[in-house]
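Peer 1: with the sequence up front, the predicted model follows.
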Amino acid sequence: MNLKGKRALVTGGAVRIGRAIANALTAEGAEVIVHFRNSETDWPYVIQADLDDPAQCEILLERATDQFGKIDILINNAAVFHQTSILNSSYDTVMKELQPNLLAPFALIRGFAQQSKQGKIINLLDRRVTTHDTTCVPYMLSKKGLEELTKLAALELAPGITVNAVAPGAVLPPPDKESDTAWEPAGTIPLDKRPTPADIAEAVLYLLKSDIITGQTLFIDGGQNLIET
């Protein structure tokens with residue numbers, strides 16, 4: 001796909017990795033609509049929605065299309081993360097991550113496919129989808145589910161819509177730990193280098209520009225997903 005003149009919706013695009021993706025798309029000539037929940041943003045094209053609310057998720061794509069025109073590219077970037085084990089979980093704590101991390105992308109993918117038979121979808125995962133991290137079980141369920149949804153949607157929506165995923169490693173600290181230099185011990189990274197938001201954005205562009213890749217996950221983690229721990 002030639003990205004120039006295409007219209008993209010980036011969820012959680014006001015800050016952090018989402019902002020890097022929005023900037024990269026804009027540099028390629030795309031018109032980018034940034035979804036946000038609470039973050040203040042100076043982005044020219046924005047749309048607000050709370051992805052914790054299923055009703056808002058169901059109509060977000062339709063609202064964006066009505067306001068800005070047909071969407072050619074959907075980037076499911078917005079997500080939440082909490083460290084919660086099975087024994088510390090409840091229905092509510094599980095749904096607090098399943099809803100924005102998995103069910104919201106599901107609704108947006110469905111809405112995207114209903115409004116267009118051609119286009120590109122990228123889901124943001126986590127390099128931990130290859131492991132079994134018991135410290136964040138609801139989060140792991142949501143991201144592993146999104147990985148499977150990527151494959152299912154790629155099959156069902158072909159040949160007109162490609163659906164791929166990017167799985168970052170440890171890129172940025174959580175918003176509440178940005179001043180903490182020890183925010184996350186990244187563990188062993190074979191390439192001995194953490195990825196940057198720009199690295200993630202570059203991977204997104206690569207998948208968007210290809211018309212022959214679908215149902216794939218591109219790990220941007222310095223090889224960390226190859227290690228079992």
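Peer 2: Happy to help now that I have it.
Peer 1: pull the longest strand from the protein.
Peer 2: Longest strand in the chain by number of residues, with DSSP state E as the criterion: strand 161-168.
Peer 1: neighbouring strands of that one in the sheet, and parallel or not?
Peer 2: The pairing partners recorded for strand 161-168 under DSSP bridges are strand 119-124 (parallel), strand 217-220 (parallel).
Peer 1: could you look up the next helix or strand downstream of that strand?
Peer 2: Per DSSP states H and E, the first helix or strand lying C-terminal to strand 161-168 is helix 197-209.
Peer 1: what angle separates that following helix from strand 161-168?
Peer 2: Between the axis of helix 197-209 and that of strand 161-168 there is an angle of 160 degrees, by axes from the mean of the first three to the mean of the last three Cα atoms, to 10 degrees.
Peer 1: what does helix 197-209 contact?
Peer 2: 1-3, 16-17, 19-21, 23-25, 28, 73, 75, 120, 122, 124, 162, 164, 166, 168, 171-172, 213, 216, 218, 220 (Cβ atoms under 8 Å, 6 or more residues apart in numbering). Placement of C-beta: from N, CA and C, glycine included.
Peer 1: likewise for stretch 102-121?
Peer 2: Residues from elsewhere that reach stretch 102-121, judged by Cβ under 8 Å, 6+ apart: 1, 9, 11, 51, 54, 57-62, 65, 70-76, 78, 123, 141-143, 145-146, 149, 153, 157, 160-164, 207-208.
Peer 1: looking at these, which are in strands?
Peer 2: Per DSSP E, these map to strands at 9, 73-76, 123, 161-164.
Peer 1: same list (those residues) but as JSON lines, adding neighbour count and distance to residue 40.
Peer 2: Below are the ones in strands among the contacts of stretch 102-121 laid out as JSON lines (neighbours: other Cβ atoms under 10 Å; distance: Cβ to Cβ, whole Å):
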{"residue": "9", "neighbour count": "26", "distance to residue 40": "19"}
{"residue": "73", "neighbour count": "23", "distance to residue 40": "24"}
{"residue": "74", "neighbour count": "26", "distance to residue 40": "23"}
{"residue": "75", "neighbour count": "29", "distance to residue 40": "20"}
{"residue": "76", "neighbour count": "29", "distance to residue 40": "22"}
{"residue": "123", "neighbour count": "26", "distance to residue 40": "26"}
{"residue": "161", "neighbour count": "20", "distance to residue 40": "33"}
{"residue": "162", "neighbour count": "24", "distance to residue 40": "33"}
{"residue": "163", "neighbour count": "29", "distance to residue 40": "31"}
{"residue": "164", "neighbour count": "24", "distance to residue 40": "31"}
